[in-house]
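K.L.:
Would you be able to build a 3D model of this:
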Amino acid sequence: MDDQRPAELKTMDRRNFLKKAGYVGAGVAALGLAACTEDGATATTGDPDLDDAIATNGLPELNWEIATSWPTALDTIFGGAVTFAEAVTAMTGGKFTITARAAGELVPGLEILQSVQAGSIDGGHTASYYYRGLAEVVAFGTALPFGLTDRQQNAWLYDAGGLEMLQEIYRERFGVIQFPAGNTGVQMGGWFNKEINSTSDLQALVMRIPGLGGAVMERLGVTVQVIAGGEIFQALQTGTVDAAEWVGPYDDQQLDFQSVAQFYYYPGWWEPGPSLEVQFPVEAYDGLPEEYKAVIQSAAAHANVSMMSRYDALNPPAMQDILDNSDVQVLPFPDDVMGAAEEAAFELYEENANADEDFRSVLDSWTAFRSQVQSWHAFAERAMINYESQV
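P.N.:
As a prediction, the model looks like this:
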């Protein structure tokens, strides 16, 4: 439908968007704000005031690099960082350029938050739960075992106060600000070279698994290791670990795990909808023009949506290929493993909450939202999926 409002109202809306962008839907809409034409000239928005603000109103030319936790071979996760960076560059007509760097190019893949906190890098793209050693509460920024799906995670972060709470904690504890910038959806349960028939088979198992999922596995007798994604294949191949989780069929196949493991388990109960995030030093972010802040938020939201859609497009054929063309056995975790893990997870949350007021406040918000949204999704989403799976 054509917008029949007066031109001044349309202009006001666009200005408000520049100030407040950050919700998921804004990410895609904002991509047309400014871009380069084929001959290199800056494209216009059609609004002279905005063109002046973006292109000629004294906005600085900046070139930032963001470190990531990902190898370039993973065109989905590393690709999410690239999507974010390219969107920022496009929306500012090249005045604010961000370049994504693979794990290890600027800093080690598991040292992003520390490096952003120190101001030694411009920013980063990572999973917050890698940094539990700094504060357990940061795990909420990615995922908790038996927690929220990607849609539920987005709803909690964007519309139920989760992101606001976490940003306040990041700001106070680390001098960092972060925005969701990707999600993988429900993950697989990982690759094993030992069959798991009950919880007793987890005893003394050596597994690569980060986050609170790793803490839960430790309670079930697993020896946990946290290693970067690009090092998992060698660890499985050499027997350094007996098992390892990563993401799901597409990424796992890209890393060739099916050639060095015998069993592929599901579901990844520790990551039902893990968010990735971009992180920046607060002082650097606060010093940006408002237009650039809005662009960062919109680009992150765009990356958040586009990564999930890519996984949903790529995982089904990859899973079918593993089923059809490998000797790997694809198996569900036994019920007693699932039950024991869930019980251990919520015991762990209570212990963390008793030790940390921030964890308690975020857990209370998260738990209340989880109860409501899962009840609602049981009516609509689960019923529909259950029916269709039987057809």
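K.L.:
quick one: residue 209 from residue 183, how far?
P.N.:
As judged by C-beta to C-beta, to the nearest Å, residue 209 and residue 183 stand 19 Å apart. C-beta: built from backbone N, CA, C; applies to glycine.
K.L.:
How many residues are close by residue 210?
P.N.:
Applying other C-beta atoms under 10 Å, we find 23 other residues in the vicinity of residue 210.
K.L.:
now the strands for the stretch 101-250 of the chain?
P.N.:
Listed in chain order, the strands found in the stretch 101-250 of the chain under DSSP state E, counting those that start in this stretch are 123-126, 176-183, 190-192, 206-208, 223-225, 243-244.
K.L.:
Deepest-packed of the ones you listed, please.
P.N.:
Using mean count of other C-beta atoms under 10 Å, the stretch among the strands of the stretch 101-250 of the chain with the largest mean neighbour count is strand 123-126, at a mean of 30.
K.L.:
Check which helices and strands that one is in contact with.
P.N.:
On a contact count with 3 or more C-beta pairs under 8 Å, 6 or more residues apart in numbering; DSSP states H and E, strand 123-126 meets strand 62-68, helix 77-91, helix 112-118, strand 275-281.
K.L.:
Output these as JSON lines; include the columns mean pLDDT.
P.N.:
As requested, the helices and strands packed on strand 123-126 are arranged in JSON lines below (pLDDT from 0 to 100):
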{"stretch": "strand 62-68", "mean pLDDT": "98"}
{"stretch": "helix 77-91", "mean pLDDT": "97"}
{"stretch": "helix 112-118", "mean pLDDT": "98"}
{"stretch": "strand 275-281", "mean pLDDT": "98"}
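K.L.:
which stretches of the chain aren't confidently modelled?
P.N.:
Within the chain, the set of residues satisfying pLDDT under 70 comprises 1-57, 391.
K.L.:
Report the central residue of it.
P.N.:
Geometric centre of the chain, nearest residue: residue 276, 1.8 Å, by C-alpha atoms, centre = their mean.
K.L.:
need the contact list for that residue.
P.N.:
Contacts for residue 276 (C-beta atoms under 8 Å, 6 or more residues apart in numbering) come out as 77, 80, 125-127, 142, 180-184, 307.
K.L.:
and if we set it to 7 Å?
P.N.:
Under the criterion of C-beta atoms under 7 Å, 6 or more residues apart in numbering, the neighbours of residue 276 are 77, 80, 125-127, 181-183.
K.L.:
got a list of what the residue lying closest to it once chain neighbours are set aside touches?
P.N.:
Distances taken as C-beta to C-beta, 6 or more residues apart in numbering place residue 182 nearest to residue 276, at 3.7 Å, with adjacent residues excluded. Under the criterion of C-beta under 7 Å, 6+ apart, the contact partners of residue 182 comprise 77, 80, 275-276, 303-304, 307.
K.L.:
how close does the closest residue to residue 212 other than its chain neighbours sit to residue 234?
P.N.:
Spatial nearest neighbour of residue 212, excluding adjacent residues (C-beta to C-beta, 6+ apart): residue 139 at 5.0 Å. When distances are taken as C-beta to C-beta, residue 139 and residue 234 turn out to be 27 Å apart.
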